[in-house]
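# Here you go, sequence then predicted model.
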Amino acid sequence: MPGRRRQLPGSLVRDFGRAYGARLRAGPSPPLVLAAHGPRTLALAARFADTWNTYGPTLGEAIEQSSGRNRAATVQTR
């Protein structure tokens with residue numbers, strides 16, 4: 001469409017810069033939170049997410065999940 005162009009993947013932004021002198025400045029991205037409960041998703045969270053969450057585990061389960069994520073993060077940094 002006239003007056004539109006792709007600025008960011010998958011989003012269309014009107015080109016107001018020509019008419020008003022405005023510039024689109026990308027800000028910081030929001031953190032990526034990934035829900036992870038098992039070993040595979042914890043490994044994905046360690047690789048791609050900024051943080052992770054899980055649903056109401058017991059204290060022991062939460063400690064085990066956190067340990068699994070930390071192990072996966074250690075492997076990812078090697």
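The structure has been received and is ready for your questions.
# how near is residue 45 to residue 71?
12 Å (CB to CB, to the nearest Å). (Each C-beta comes from the backbone N, C-alpha and C, glycine too.)
# Same drill for the two, tell me which one is more crowded.
residue 45 (25 against 14; other CB atoms under 10 Å).
# So for the host helix or strand of the more buried one, what gets flagged as buried?
In the assignment (DSSP states H and E), residue 45 maps to helix 39-48. For helix 39-48, burial by neighbour count (16 or more other CB atoms under 10 Å) applies to 41, 42, 43, 45, 46.
# who's in contact with the helix or strand containing residue 73?
Under the criterion of DSSP H and E, residue 73 resides in helix 59-76. Counting by CB atoms under 8 Å, 6 or more residues apart in numbering, helix 59-76 makes contact with 36, 37, 39, 42, 43, 45, 46, 47, 52, 54, 57, all of which sit outside it.
# Show me the two of the residues you listed that sit farthest apart.
47 and 57 (21.3 Å; CB to CB).
# Tell me how many other residues surround residue 73.
Neighbours around residue 73, by other CB under 10 Å: 14.
# For the protein, give me the ranges with low pLDDT.
Along the chain, segments meeting pLDDT under 70 span 1-24, 57, 69, 75-78.
# change it to 50
Across the chain, the ranges flagged by pLDDT under 50 are 1, 6.
# ok so, going back, tilt between the helix holding residue 45 and helix 59-76?
50 degrees (axes from the mean of the first three to the mean of the last three CA atoms, to 10 degrees).
# which element follows helix 39-48 toward the C-terminus?
Next along the chain after helix 39-48, taking DSSP H and E as the criterion, comes strand 51-53.
# Quick check: can you name the pairing partners of that following strand and their directions?
In its sheet, strand 51-53 lies beside strand 33-35 (parallel), with partners assigned from DSSP bridges.
# Before we go further, residue 25 is sitting in a helix, right?
No - under the criterion used here (DSSP: H, G, I helix; E, B strand; the rest coil), residue 25 is coil, not part of a helix.
# From residue 25, how far off is residue 51?
26 Å.
# Between those two, point out the one with more neighbours.
residue 51 (10 against 5).
# Run a quick neighbour tally on residue 53.
If we define neighbours as other CB under 10 Å, then residue 53 has 11 of them.
# Good, we can wrap up now.
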